[in-house]
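Participant: Sequence first, then the predicted structure:
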Amino acid sequence: MSKNEISHIGRVKEMTPESTVVEIISSSACSACHAKGLCGVSEEKVKEIEVPTDPYATWNVGDEVRVMLRQTMGLKAVWISYVVPLLILMILILTLSAVNVKEIYAGLVSIAAVAVYYLVIYLLRNRLAKDFVFYLKEK
């Protein structure tokens, strides 16, 4: 694994000629704490990731594999999901406040604009999915 990749260990759940479904466990930072059973704050979620099947793959259902993604794609995801909506929100709030629009309307318009942004992202999800391609490696 290089520094330019993000990886998670997962287990192959299902394989078809077109795609392989890998189940990974995403855990919060405190899930490794020895007191997590008492605390109730730790969080683990099981996620399924669909990866194009490699015709030369040597793994089978139940095998542990490493799910990889280029780090630049992770940074792109952060920009799309967090930074751009924050910029939209802040620019609209500050601009509308500067032109003496009431705070309630400035806030509602800003939130509506972010909602429209997320709707556009949702509508473009298939196109974006082509950019965010995961791949598998041996554990």
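Facilitator: Cool, got the structure.
Participant: Lowest-scoring secondary structure element of this protein by mean pLDDT?
Facilitator: Here the helix or strand of the chain ranked lowest by mean pLDDT, DSSP states H and E is helix 36-39, holding a mean of 58.
Participant: what about Ile121, how many residues close to it?
Facilitator: Neighbour count for Ile121, taken as other CB atoms under 10 Å: 14. Where you see a C-beta, it was placed from the backbone N, CA and C, and this is true even at glycine.
Participant: can you tell me which residues contact Ser19?
Facilitator: Glu50, Val51, Pro52, Thr53 (CB atoms under 8 Å, 6 or more residues apart in numbering).
Participant: Looks to me like the first one is in a strand.
Facilitator: Yes - counting by DSSP: H, G, I helix; E, B strand; the rest coil, one finds Glu50 located in a strand.
Participant: Please report how far the nearest residue to Pro17 once chain neighbours are set aside lies from Trp59.
Facilitator: Residue nearest to Pro17 in three dimensions, not counting chain neighbours: Thr53, with 6.1 Å by CB to CB, 6 or more residues apart in numbering. The spacing between Thr53 and Trp59, counted by CB to CB, to the nearest Å, is 10 Å.
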